[in-house]
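Participant: no FASTA, just this:
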C-alpha cells in the first residue's frame, strides 16, 4: 500500500556533493496562455535567480503571435515556442521537456513567482539521495501568508491533496524531508527520473491535459522507486487558479465551482485515469468505500448544480482503452527494471 513519508535527513552528503551541481544546466519550462501579466512576473523572478546556469523555455498556448513577439522582445534570453493549437499543460510540458537540455527540469505555471534563491536551495534536495527524482519547495499563495503546497499525495478517496493547502503559514512546515510528490504548479524533476518513467514520448500523460497530471507522474515515479523531497527554504508564490479558473475563483477553495464544463470533465476523468494506471487491485479494493463515497458527492453536486455535465461524462469512456494499455506498459517496465 502507498505510504506517505515525512522525515528529516542530514545534509552532510549534500554539502559534499552540492558544488558539483554548479556546472549542471537547469531547464525552466513555463506554460502560458497569455493571461494578464503573469508571465512577465514569472520571468522577472527567474532573471533574479542566484543560480545562473539556466535554460528558459516558454511554451505559448495563447494562440496569439503578437503575444510571443512582445515577450521575446522584452526577454531575448528565452526560447519561446508558439503553438497553433492549445496543447494544454501536460502536452506543453512534454514538448518543453523533449527540447530541453537540462539535467534538472523545473516546470512552472506562468502564475508563479520564485524567490531569488528558489532554484539554488531546491537543487540541494536532489543531492540528498540519488533516488530523489522530485523536489518541492514551500509554495505560498500570492498573499505570502497562506500555504498553497508543501508536497502532494493521494487521499483515501484518491484525489490529489496538497499538504498544507489553504492553511496560514506559521512555521509548521519548516522540516525538510521525504514526501510523496510535488505540485504541478512548481514541479522540479531530475531528468534521469523523467526518462525512466515516460511512456512512449510522454512524460506527463497528454490525455490528462490538465489536473491530476502531477499526481499521476508522482505515483508512477514511486512505483519505479523514485522519491520526492521537500526543501522549506526554497520558496515560491502561486496564484491558485490564475489561468484555469474564472476571475472570481482565484485563490478560492472548492475549485470545481469555477471551472468550465470542459475542464470539469477533465477533473473527473483524470482522477480515474490516475487510479487505473497506477493503483494495485488490492489497494483499490481497500480504498473502494472512500472512492465511491467521493463519487457519490461529486455526482450529487453535478446533479444539483451542473446537470448538463451528466450527458457528457460518458464521453470519457473513450480513454479507457488507452489507459489500460499504459497500465500494461508500466507493469512491463517495472518487471524488466
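Facilitator: That came through fine. Bear in mind the structure is a predicted one, so any value in this text is a computation, not a measurement.
Participant: do you know how far the nearest residue to residue 91 once chain neighbours are set aside is from residue 130?
Facilitator: Excluding the flanking residues, the one nearest residue 91 by Cβ to Cβ, 6 or more residues apart in numbering is residue 206, at 4.6 Å. (Glycine included, C-beta is placed from N, CA and C.) Distance of residue 206 to residue 130, computed by Cβ to Cβ, to the nearest Å: 29 Å.
Participant: and those two? which has more neighbours close in?
Facilitator: Taking other Cβ atoms under 10 Å, residue 206 and residue 130 do not tie; residue 206 has more neighbours (20 against 12).
Participant: Show me the strands in the stretch 101-250 of the chain, by range?
Facilitator: 104-109, 112-114, 132-141, 147-149, 152-154, 160-162, 177-179, 186-190, 227-238 (DSSP state E, counting those that start in this stretch).
Participant: Including mean pLDDT, could those go into JSON lines?
Facilitator: Supplementary listing: these in JSON lines, determined by pLDDT from 0 to 100:
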{"stretch": "strand 104-109", "mean pLDDT": "97"}
{"stretch": "strand 112-114", "mean pLDDT": "97"}
{"stretch": "strand 132-141", "mean pLDDT": "98"}
{"stretch": "strand 147-149", "mean pLDDT": "97"}
{"stretch": "strand 152-154", "mean pLDDT": "97"}
{"stretch": "strand 160-162", "mean pLDDT": "95"}
{"stretch": "strand 177-179", "mean pLDDT": "97"}
{"stretch": "strand 186-190", "mean pLDDT": "98"}
{"stretch": "strand 227-238", "mean pLDDT": "97"}
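Participant: between those strands, which one is nearest to residue 336?
Facilitator: strand 132-141 (18.4 Å; Cβ to Cβ).
Participant: That closest one: partners in the sheet, and parallel or antiparallel?
Facilitator: Take DSSP bridges as the rule and strand 132-141 pairs in its sheet with strand 147-149 (antiparallel), strand 186-190 (antiparallel), strand 227-238 (parallel).
Participant: State the helix or strand in which residue 44 lies.
Facilitator: Residue 44 belongs to helix 38-47 when assigned by DSSP states H and E.
Participant: is it possible to export the strands of the stretch 101-250 of the chain to a markdown table including mean neighbour count and distance to residue 64?
Facilitator: Output for the strands of the stretch 101-250 of the chain, formatted as a markdown table (neighbours: other Cβ atoms under 10 Å; distance: least, Cβ to Cβ, whole Å):
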| stretch | mean neighbour count | distance to residue 64 |
| --- | --- | --- |
| strand 104-109 | 26 | 18 |
| strand 112-114 | 24 | 21 |
| strand 132-141 | 25 | 28 |
| strand 147-149 | 24 | 28 |
| strand 152-154 | 24 | 32 |
| strand 160-162 | 21 | 30 |
| strand 177-179 | 20 | 37 |
| strand 186-190 | 26 | 25 |
| strand 227-238 | 22 | 24 |
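Participant: Nearest to residue 90 among those would be which one?
Facilitator: Closest to residue 90 of the strands of the stretch 101-250 of the chain, according to Cβ to Cβ: strand 104-109, at 10.2 Å.
Participant: Out of the strands paired with strand 132-141, which gets nearest to residue 212?
Facilitator: Closest among these, using Cβ to Cβ: strand 186-190, at 13.1 Å.
Participant: can you give me the angle the closest one makes with strand 104-109?
Facilitator: Put simply, strand 186-190 runs at 160 degrees to strand 104-109, going by axes from the mean of the first three to the mean of the last three Cα atoms, to 10 degrees.
Participant: going forward can the numbers begin at 23, since that is how I track them
Facilitator: In the new numbering, first residue 23, that becomes strand 208-212.
Participant: all helices for the stretch 173-322 of the chain, in order.
Facilitator: 213-219, 235-245, 283-300, 303-327 (DSSP state H, counting those that start in this stretch).
Participant: Could you do the stretch 23-172 of the chain as well?
Facilitator: 34-39, 60-69, 87-96, 110-121, 140-148.
Participant: Break this protein into its domains for me.
Facilitator: 34-260, 276-358 (automatic domain parsing).
Participant: Could you look over these and pick the most buried one?
Facilitator: Each of the domains of the chain was scored by mean neighbour count; the highest is domain 34-260, a mean of 20, by mean count of other Cβ atoms under 10 Å.
Participant: how far is it from where the chain is centred?
Facilitator: From the chain centre to the centre of domain 34-260 is a distance of 7 Å (Cα atoms, centre = their mean, to the nearest Å).
Participant: What is the least confident helix or strand in this structure?
Facilitator: helix 34-39 (a mean of 49; mean pLDDT, DSSP states H and E).
Participant: isn't residue 147 right up against residue 253?
Facilitator: Yes. Counting by Cβ atoms under 8 Å, residue 253 is a contact partner of residue 147 at 4.7 Å.
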